[in-house]
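**Student:** I'll drop the sequence and a predicted model, then ask my questions.
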Amino acid sequence: MKTNMKNFDFILPTKIRFGYEIYKEIGKEVKELGRSKPIIITDKGLISAGVVDKITKKLEEEGIKEYVIFDSIEPNPKDITVQKAYEEAKRYSVDCLIAIGGGSSMDTAKAVGVLMTHGGIINDYEGLNKITKSIDNLIAIPTTVGTGSEVTFWSVITDTNRHYKMSIGSPLIAPKTALVDPLLVESLPSKIVASTGMDALTHAIEGYTCTLSEPITDACGIFAIKMLAENIRDAVYTDSVDAKAKMLLGSLIAGICFGNSDIAGVHCMAEALGGLYDTPHGIANAILLPFVVEYNFVSDIDKFAEIAKALGENIDGMSVRDAAYQSVAALKKLNKDLMIPTINEIDAKIEDIEELAKRASVNVSVGSNPRSVGEAEFLQIFKRAFEA
């Protein structure tokens, strides 16, 4: 394996606690932060499923009985939702944030933390390093196997005026603590495992291949790709508790990978879809991943050959270029096996591809794509996806 020995920084400000029943430590973790009145940011589905009750029970057992629940989180969280959650936090004078859920809950909690420390509206902080004060009171508890947001420095929020998914990025917004418990994903529906699992795989592949990758993210990325690929089908189609636990761990490691490198062209395009149509993020990533990899594989055939191998392809005897292209074939087959819809089967419209390409081309991560890409190239990739 070739390694680029360039200078790099690696930051991981989040304390990670992984294990069965680790969620029961939530009260102790709040006390360790020196806090006593959290706001829990979650969604109604997790309220109905009883997940939030499990966690509030453990808070109460530690004597933390003053807490507020904000359960209005939607997929692709919006700036207006962030503002509502922030107003709740102010109204009840909370001193701690607990995010329970997928990336939507965690991204919202990060955004609320920004407003609690900086004021204003979340749209003021779009882009990189606009944050000047650390969020030191956020505990993240993931309940999907996809986002890795419990360890990343990013919050992606939809600007409702522009219908555009904006990214707020800084190591200062990373959660202070992540409680990562396989018990909380045991009953995750198959469709959610598929979509969020493909989100995690996209994170690992883009984090491994983007221009900002470095040796530590490479190690995390290729390990996560292999772990996710080996377990995603069993996690979707069987009752394997072990497979779902490994998906959760793979998602976490993929988050460490791309959190310290970056995402790339797939996310640029997927966030354009999500902003315009409110497409679920994992589905958008899954749909576009094979087509962007098909465009990118020539940029680093050694890495893409390693990806093909990690995805389970037999590349013995192939040229490196042919082996690298097998990564495309493997991803197309995986999407088919998981019954991921095509771009024609969601709300996307081919007449919107010029607008989609334009939106993708101004994403903050365009420069991190391993092969030079702009509006014209995004337009062609979108066309290929629709034609397929």
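**Tutor:** Cool, got the structure. Numbers count the residues shown, from 1 in each chain.

**Student:** tell me which residues in stretch 24-39 are buried?
**Tutor:** 24-27, 29-30, 33, 35-39 (16 or more other C-beta atoms under 10 Å). For every residue, glycine as well, the C-beta is placed using N, CA and C.

**Student:** ok, and what's touching that stretch?
**Tutor:** With contacts defined as C-beta atoms under 8 Å, 6 or more residues apart in numbering, stretch 24-39 is touched by 17, 55, 58-64, 66-70, 85, 88-89, 92-98, 112, 136-137, 139, 141, 176-177, 179.

**Student:** can you check which helix is longest in the chain?
**Tutor:** helix 215-237 (DSSP state H).

**Student:** so which elements touch that one?
**Tutor:** With contacts taken as 3 or more C-beta pairs under 8 Å, 6 or more residues apart in numbering; DSSP states H and E, helix 215-237 sits against helix 190-209, helix 241-260, helix 301-310, helix 320-337.

**Student:** circling back: so which of the buried residues of stretch 24-39 belong to strands?
**Tutor:** 38-39 (DSSP state E).

**Student:** could you single out the nearest of the buried residues of stretch 24-39 to K226?
**Tutor:** Nearest to K226, judged by C-beta to C-beta, of the buried residues of stretch 24-39 is E25 at 29.5 Å.

**Student:** phi first, then psi, for S72.
**Tutor:** For S72, the backbone dihedrals (degrees, to the nearest 10) come out as phi -100, psi 30.

**Student:** tell me how far it lies from T152.
**Tutor:** 23 Å (C-beta to C-beta, to the nearest Å).

**Student:** those two: which is more packed in?
**Tutor:** T152 (29 against 15; other C-beta atoms under 10 Å).

**Student:** okay, the residue nearest to S187 when sequence neighbours are not counted and L179: tell me how far apart.
**Tutor:** Closest residue to S187 apart from its sequence neighbours, by C-beta to C-beta, 6 or more residues apart in numbering: A49 at 7.3 Å. A49 is 17 Å from L179, where distance means C-beta to C-beta.

**Student:** these two: which is more packed in?
**Tutor:** L179 (25 against 15).

**Student:** let me see the contact set for that one.
**Tutor:** So L179 contacts 17, 22-23, 25-26, 29, 139-141 (C-beta under 8 Å, 6+ apart).

**Student:** tell me what the residue nearest to L252 when sequence neighbours are not counted is bridged to.
**Tutor:** Once flanking residues are discounted, L252 sits nearest to V180: 5.7 Å by C-beta to C-beta, 6+ apart. V180 forms beta bridges with F18, as assigned by DSSP bridges.

**Student:** shaky segments in this structure?
**Tutor:** For the chain, the stretches flagged by pLDDT under 70 are 1-4.

**Student:** can you list the domains in it?
**Tutor:** 15-185, 190-387 (automatic domain parsing).

**Student:** of all the ones you listed, which one comes closest to D9?
**Tutor:** domain 190-387 (7.9 Å).

**Student:** quick one: end-to-end length of the closest one, please.
**Tutor:** 28 Å (C-alpha to C-alpha, to the nearest Å).

**Student:** so how far is that domain off the chain centroid?
**Tutor:** 12 Å (C-alpha atoms, centre = their mean, to the nearest Å).

**Student:** swap in stretch 143-159?
**Tutor:** For stretch 143-159, the distance to the chain centre is 4 Å (C-alpha atoms, centre = their mean).

**Student:** in it, which residues are buried?
**Tutor:** Result for stretch 143-159 [16+ other C-beta under 10 Å]: buried residues 143-159.

**Student:** next one: stretch 374-388
**Tutor:** 375, 377-379, 381-382, 384-385.

**Student:** neighbours around I168, how many?
**Tutor:** Neighbours around I168, by other C-beta under 10 Å: 26.

**Student:** am I right that it is in a helix?
**Tutor:** No: counting by DSSP: H, G, I helix; E, B strand; the rest coil, I168 falls outside a helix, being strand.

**Student:** may I see the buried residues of stretch 374-388 arranged in JSON lines, with distance to A229 and secondary structure as well?
**Tutor:** Output for the buried residues of stretch 374-388, formatted as JSON lines (distance: C-beta to C-beta, whole Å; DSSP: H, G, I helix; E, B strand; the rest coil):
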{"residue": "E375", "distance to A229": "32", "secondary structure": "helix"}
{"residue": "E377", "distance to A229": "27", "secondary structure": "helix"}
{"residue": "F378", "distance to A229": "26", "secondary structure": "helix"}
{"residue": "L379", "distance to A229": "30", "secondary structure": "helix"}
{"residue": "I381", "distance to A229": "23", "secondary structure": "helix"}
{"residue": "F382", "distance to A229": "26", "secondary structure": "helix"}
{"residue": "R384", "distance to A229": "23", "secondary structure": "helix"}
{"residue": "A385", "distance to A229": "22", "secondary structure": "helix"}
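
**Student:** alright, I will stop here.
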